[in-house]
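Q: Got a predicted structure plus its sequence, pasted below:
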Protein chains: 2
Amino acid sequence: MFDFLTVVKALADENRIRALLALRDGELCVCDIIELLDLAPSTVSKHLSILRQARFIDGRKDGRWIYYRLASDKAPFQVQEAIKWVCDSLSKDDTAKKDARKIKQIVKNHAKKSCQT
Amino acid sequence: MFDFLTVVKALADENRIRALLALRDGELCVCDIIELLDLAPSTVSKHLSILRQARFIDGRKDGRWIYYRLASDKAPFQVQEAIKWVCDSLSKDDTAKKDARKIKQIVKNHAKKSCQT
DNA sequence: CCTATAATTCGCCATATAACGAAATGTTAA
DNA sequence: TTAACATTTCGTTATATGGCGAATTATAGG
């Protein structure tokens, strides 16, 4: 029951849901999600740690950056089911669609910056 | 997104989860759930109204009593999926098992009382 | 009609949570 | 070594939420 509540409570926040959905199409670094949600870095970091603790996402460190991705296959079954449920429920959601577009833009700019180095 | 958050937040409380699971085997009146959760009537009433607003449960008035049941078939698809997810995730949960036993006892006593009238 | 009972609404309080900024940590690059 | 950057941790603050009791509504029964 406790574990389950950790999972549900991790989903009980709009910004965490948006972050989760943003990771559907692949990994993103924290600063991408900061840009997407337009929140303070510390706030986003907290949200991501809550999602990670509930086993929704996994982090991978690469230099200064930390890339987060959906934990899909490694996650407990109940978490996998939760991810499916969230994605299905919000597949046509307006905010989610807008976010998907914005993420593409962010990643594109991100790539440009990287190429400049 | 707003509707979805209403649904998730309705699940983000242990007592509401317990109430929801208690209704798996059929309808119960508010006083049964009060006895199960051992909380003040006003608190339970609030919890049930939150579950009802999220479309998890339906109420039926019969005299002085109000019987609640899972809204399964009438509920939006995302809610139906949520109910399945919760039930699957907690099918082997200790608290849920204890509650199931307690509910049987409560209903049994309830029946006795009714027979006395 | 009056009382008891079931349930809800309302107002209050304590705790939980989300947000921020400042400071700390760790890493790259000058 | 220093400076800049990405991220996290910590402390604070405002708001949200869960809990209760008192008052309210509605119904059943004496």
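A: Happy to help now that I have it. Remember, it's a predicted structure, so these values are computed and weren't measured experimentally.
Q: now residue A:99: how far from residue B:90?
A: According to CB to CB, to the nearest Å, residue A:99 and residue B:90 sit 31 Å apart. Placement of C-beta: from N, CA and C, glycine included.
Q: Residue A:29: what's it in contact with?
A: Listed by CB atoms under 8 Å, 6 or more residues apart in numbering or on different chains, the contact set of residue A:29 reads A:65, A:66, A:67, A:68, A:110.
Q: Residue A:79: how many residues sit nearby?
A: Counted by other CB atoms under 10 Å in any protein chain shown, the residues lying close to residue A:79 total 23.
Q: Sticking with the residue nearest to residue A:24 when sequence neighbours are not counted, tell me its helix or strand.
A: Leaving aside its chain neighbours, residue A:24 sits nearest to residue A:87 (6.4 Å; criterion: CB to CB, 6 or more residues apart in numbering or on different chains). For residue A:87, the host element (DSSP states H and E) is helix A:77-89.
Q: what's the helix or strand following that helix packed up against?
A: On the C-terminal side of helix A:77-89, the nearest following helix or strand under DSSP H and E is helix A:94-116. Contacts defined by 3 or more CB pairs under 8 Å, 6 or more residues apart in numbering or on different chains; DSSP states H and E place helix A:94-116 against helix A:14-22, strand A:28-29, helix A:30-37.
Q: Which residues does helix A:94-116 contact?
A: A:18, A:21, A:22, A:25, A:28, A:29, A:32, A:35, A:36, A:90, B:1.
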